[in-house]
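Predicted coordinates and the sequence they were generated for:
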Amino acid sequence: MAFQLAACAEMLWQEKPIHWRAARLKEMGFGVGLWNWPAWDLEELEKTGADFTIMNGYLQGRLTDQDGAEMLLASARETAQVGKRLGVDRLNLHGTGLGDGGIPIAQHGTFAPGMELRARDTLNRICDMAEEEGVTFTLENLNPLDHPGCPFGSTEAVLSLVSAVNRPQLRINLDLYHTQIGEGDLIRWCEACLPWIGEVQVADNPGRCEPGTGEINYPRIARALSEMGYDGPVAMEANAKGDSDEAVEAFRAAFTL
């Protein structure tokens, strides 16, 4: 059983133009993940012919208040058009807004009663729009060290929302780097999320570098995912500890069974 391997172009070969990075990943046999699409020349990216697997699915907005939800819907619809232009497989959401470079922002506050119900309503509206547009969104978990105070950041919270909405237009982007920091117990979280996983993202911890540079036993997790019957996308969203080509090959080796 083979996984569909991809890597985030924005974190690799950072001295090179983004279209060069996308072309290099295609040449190496990988799909291409993106974050901040307004920063890049879409025409140059199209010319690469790369398989764009995931990118940020919005530029602004929030899940749980009326104004934020309206902004999110409008922004997600705009981004869906870009996603269709590039042939992006999945458009990614978070429980918070985006800051510079398309990075989720820290958001300090309390979890108020009713927030989850309002988030579910907003995500159902996203699914209605996604069904109209013929696209798929994912909701990604985050961790409390890199993204403190973000609502719906934990693996548990993301699973709760996506499983409650339970529509094919919304899947989980299960980021195991974030899960390791926030909760650990990676294989059991994979099992719990399995029916709703749209993509698995990986990086080692500490350092957020390629598999084999930290504490996570990714070859064992790869075997566990395969034993569960998962053969979907696995993407490295990691810094290269040294050479980017070597980092990508280390990722390939960890997820080749």
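Looks like it came in fine. Residues are numbered from 1 along each chain as shown.

buried residues in stretch 14-34?
18-19, 21-26, 30-34 (16 or more other Cβ atoms under 10 Å). Where C-beta positions appear, they are placed from N, C-alpha and C, glycine not excepted.

Ok, stretch 180-199 next?
Across stretch 180-199, burial judged by 16+ other Cβ under 10 Å covers 180-183, 186-187, 189-190, 192-193, 196-199.

same deal with stretch 205-212?
Using 16+ other Cβ under 10 Å as the test for burial, stretch 205-212 gives 205, 208, 209, 210, 211, 212.

Just the CA coordinates for stretch 146-157, please, in CSV.
Taking Å, rounded to 0.1, in the frame of the first residue of the first chain, the C-alpha atoms of stretch 146-157 are listed here in CSV:
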residue,chain,number,x,y,z
ASP,A,146,3.4,27.7,18.4
HIS,A,147,-0.2,29.0,18.2
PRO,A,148,-1.3,29.9,21.8
GLY,A,149,-4.9,30.6,22.5
CYS,A,150,-6.2,29.5,19.1
PRO,A,151,-9.8,28.3,19.3
PHE,A,152,-10.5,24.8,18.1
GLY,A,153,-6.7,24.2,17.8
SER,A,154,-6.4,20.8,19.4
THR,A,155,-6.8,17.5,17.6
GLU,A,156,-9.7,16.7,19.9
ALA,A,157,-11.5,19.9,19.0
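
Tell me who's in contact with residue 177.
143, 201, 202, 203, 204, 205, 208, 216, 237, 238 (Cβ atoms under 8 Å, 6 or more residues apart in numbering).

mind running it again at 10 Å?
Counting by Cβ atoms under 10 Å, 6 or more residues apart in numbering, residue 177 touches 141-143, 146, 186, 201-209, 214, 216, 236-238.

about what we covered before: widest-spaced pair of the buried residues of stretch 205-212?
208 and 212 (13.3 Å; Cβ to Cβ).

which residues do the two both contact?
Common neighbours of residue 208 and residue 212 (Cβ under 10 Å, 6+ apart) are residue 241.

Of all the residues in the host helix or strand of residue 163, which ones are buried?
Per DSSP states H and E: residue 163 is located in helix 155-165. Residues of helix 155-165 classed as buried by neighbour count (16+ other Cβ under 10 Å): 155, 156, 157, 158, 159, 161, 162, 165.

The very next helix or strand once past it pairs with which strands?
Per DSSP H and E, helix 155-165 leads on to strand 170-175 as the next helix or strand towards the C-terminus. Strand 170-175 has these partner strands in its sheet, going by DSSP bridges: strand 137-140 (parallel), strand 197-202 (parallel).

how about the helices in the stretch 1-150 of the chain?
Along the stretch 1-150 of the chain, the stretches classed as helices by DSSP state H, counting those that start in this stretch are 18-28, 42-48, 66-86, 115-133.

Which secondary structure elements does the second one sit against?
When you say that, I think you mean helix 42-48. Packing partners of helix 42-48 (3 or more Cβ pairs under 10 Å, 6 or more residues apart in numbering; DSSP states H and E): helix 18-28, helix 66-86.
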